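> After the sequence you'll find the predicted model.
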Amino acid sequence: MTGDDDLVPASVHLGAVVPPEDPEDWTRPLTWIAALGMLAAPIATLAWFIAAPPADGGRSLPATFIVAGLLAGGAAATGATQLGIARAWTATVAAGLFGALALIVLGVVMAGERQVGAASPTLSHAFVASVAGLLGSVAAAAVAATVARLRSRLIRFLPALIAGAAVAVVAIATILPRA
């Protein structure tokens, strides 16, 4: 083989193109951490909306803060599984976007009654938690990108978690008055 042939997969040399290996290996703990990071806020929101759905969409509740913090913290956990600046940034923001979208969908699905002219309380809280958590995820992504070259996952996770959760709490306090 020549130097250019080293870049071509062996399956192509043999005449049979095989699909690439699955990029996610579900037997590895980091895959589970990334998945749970993306799903932490939606799971907590689903439990909240089933157990004690909000009755008023105009005031923030402790659960709104918790969900927004979980969204930012879960995104930080997902980003902490990645090495490299671009990967840490992308994984953190993507996890935040996924979680925010899932929260909005849950808010709509769990809205029991459809209201004209005003959002249902579940949608209102899901939207506020999504916006605040997404802002926190962007802050966490900035911190994750800064510490992405460090080897310790805990050192990569904690500063991003703290920054993300703090921004999420401040965002909720700014958007909705406290109950």
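Received the coordinates, thanks.

> State the distance from residue 128 to residue 90.
Separation of residue 128 from residue 90 (C-beta to C-beta, to the nearest Å): 25 Å. (Glycine included, C-beta is placed from N, CA and C.)

> more crowded one of the two?
residue 128 (23 against 16; other C-beta atoms under 10 Å).

> tell me which element that one is part of?
Residue 128 is part of helix 121-146, with elements assigned from DSSP states H and E.

> other SSEs contacting that helix?
Contact partners of helix 121-146 among helices and strands, from 3 or more C-beta pairs under 8 Å, 6 or more residues apart in numbering; DSSP states H and E: helix 29-51, helix 62-80, helix 85-109, helix 153-175.

> I'd like to check the angle between the third one and helix 29-51, please.
For the pair helix 85-109 and helix 29-51, the angle between their directions (axes from the mean of the first three to the mean of the last three C-alpha atoms, to 10 degrees) equals 20 degrees.

> And helix 85-109, what's buried?
By neighbour count, with 16 or more other C-beta atoms under 10 Å as the criterion, the buried positions of helix 85-109 are 88-100, 102-104, 106-107.

> between that helix and helix 153-175, how many degrees?
If you take the same axes, to 10 degrees, helix 85-109 sits at 40 degrees to helix 153-175.

> quick check: angle from helix 85-109 to helix 121-146?
Regarding helix 85-109 and helix 121-146, their directions subtend 180 degrees when assessed with the same axes, to 10 degrees.

> Off-centre distance for helix 85-109?
Relative to its parent chain, helix 85-109 has a centroid offset of 4 Å by C-alpha atoms, centre = their mean, to the nearest Å.

> go on, stretch 172-179?
The gap between the average C-alpha position of stretch 172-179 and the chain average comes to 22 Å, counting by C-alpha atoms, centre = their mean.

> where does this structure dip in pLDDT?
Applying pLDDT under 70 to the chain picks out residues 1-27, 113-119, 179.

> what about residue 162, neighbour count?
As a burial measure, the neighbour count of residue 162 was computed by other C-beta under 10 Å and equals 16.

> Please tell me how far it sits from residue 48.
The separation that residue 162 has from residue 48, given C-beta to C-beta, amounts to 23 Å.

> Also residue 99?
Per C-beta to C-beta, residue 99 is found 14 Å from residue 48.

> just residue 146 next, same as before
According to C-beta to C-beta, residue 146 and residue 48 sit 32 Å apart.

> Have a look at these two and say which one is more surrounded.
The residue with more neighbours, out of residue 146 and residue 48 and counting by other C-beta under 10 Å, is residue 48; that gives 22 against 16.

> I figured the more buried one was touching residue 65, is that so?
No: the pair residue 48 / residue 65 is not scored as a contact, 11.6 Å apart, by C-beta atoms under 8 Å.
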